[in-house]
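1. sharing a model that was predicted from the sequence below.
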Amino acid sequence: MNDIGPLVFVVDDDPAVLKGLARVLRSARLEVVTFSSPHEFLEQHDPHAPGCLVLDVSMPGLNGLELQEALKVKGSAIPIIFLTGHGDIPMSVRAMKSGALDFLTKPVHDEDLLQAVEAALEKNRIERRSRAELDDIRERLATLTPREREVLTHVVSGQLNKQIANDLGTVEKTIKVHRARVMEKMKVNSVAELVRLTERFGTNRMIE
């Protein structure tokens with residue numbers, strides 16, 4: 001999965017539109033996968049696949065907005081660009097409130113489509129990198145013992161070893177040992193780095 005480049009998924013029930021969109025996207029050297037129905041896409045979509053989705057709003061059966069909700073349930077955070085020939089304001093507001101990245105009216109200009117897709121792919125790249133960083137921090141935290149995690153929370157709050165020992169009812173020498181193990185397991189060389197990591201992960205999640 002990690003070796004797969006970003007894909008532009010296109011879902012539209014009109015074969016001519018599907019072909020035209022794919023041609024424009026491929027002309028920009030983008031990898032495109034097309035689907036003629038939301039059901040077909042939903043059945044085959046990997047929530048972890050990198051890329052974005054260009055999605056028609058009005059389709060028989062499952063429409064674009066319903067597919068958007070179904071993807072959320074499936075755990076997919078893929079950026080969505082909606083296309084519509086009947087774009088009314090309530091529909092676009094609902095789509096954007098539900099997390100759509102853009103809402104373009106057919107017939108869409110090639111340049112507008114390509115700009116929207118590039119922005120969506122960049123958003124997906126940033127989000128995937130962020131999730132990978134958080135997963136890495138989570139894995140490091142998982143190696144800590146309950147006592148080491150306690151020491152970690154005290155260290156990042158700015159307490160000295162003596163203060164931590166007093167709070168935890170132990171001796172300073174023991175805290176020094178725990179602190180060294182925390183630094184090693186978290187793969188940091190300074191308290192400042194440790195603080196940055198925990199702030200990046202979120203203090204509330206860190207102590208769960």
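-> Nice, thanks for sending it over. Residues are numbered from 1 along each chain as shown.

2. helix, strand or coil for residue 32?
-> Using DSSP: H, G, I helix; E, B strand; the rest coil, the structure places residue 32 in strand.

3. ok, now which ones touch it?
-> Applying Cβ atoms under 8 Å, 6 or more residues apart in numbering to residue 32 gives the contacts 7, 8, 9, 10, 21, 22, 25, 26. To be clear about C-beta, it is placed using only N, CA and C from the backbone, and glycine gets the same treatment.

4. so which of those is the most crowded?
-> residue 10 (27 neighbours; other Cβ atoms under 10 Å).

5. so what's it up against?
-> Per Cβ under 8 Å, 6+ apart, neighbours of residue 10: 18, 21, 22, 25, 32, 33, 34, 35, 53, 54, 55.

6. got the buried residues for stretch 139-148?
-> Buried residues in stretch 139-148, counting neighbours by 16 or more other Cβ atoms under 10 Å, are found at 140, 141, 144, 148.

7. my bad, should have said stretch 80-100
-> 80, 81, 82, 83, 84, 87, 91, 92, 95, 100.

8. what pLDDT, on average, does it get?
-> For stretch 80-100, mean pLDDT is 78.

9. show me the buried residues of stretch 80-100 that map onto helices.
-> 91, 92, 95 (DSSP state H).

10. coming back round to it: which one of the buried residues of stretch 80-100 is nearest to residue 188?
-> residue 80 (37.5 Å; Cβ to Cβ).

11. quick check: longest helix of the protein.
-> Max-length helix for the chain by DSSP H is helix 110-142.

12. I'd like to know which elements that helix is packed against.
-> helix 15-27, strand 51-56, strand 80-84, strand 102-105, helix 191-201 (3 or more Cβ pairs under 8 Å, 6 or more residues apart in numbering; DSSP states H and E).

13. now, of the ones you listed, which is deepest in the fold?
-> strand 51-56 (a mean of 26; mean count of other Cβ atoms under 10 Å).

14. tell me how far it is from the chain's mean position?
-> 15 Å (Cα atoms, centre = their mean, to the nearest Å).

15. cool, stretch 98-105 as well?
-> Relative to the chain's own centre, stretch 98-105 is displaced by 17 Å; criterion: Cα atoms, centre = their mean.

16. cool, stretch 100-111 as well?
-> The answer for stretch 100-111 is 23 Å, by Cα atoms, centre = their mean.

17. straight-line length of that stretch, end to end?
-> 19 Å (Cα to Cα, to the nearest Å).

18. which residues touch that stretch?
-> Contacts of stretch 100-111 (Cβ under 8 Å, 6+ apart): 17, 24, 52, 68, 79-85, 87, 92, 95-96, 112-113, 116, 119-120, 123.
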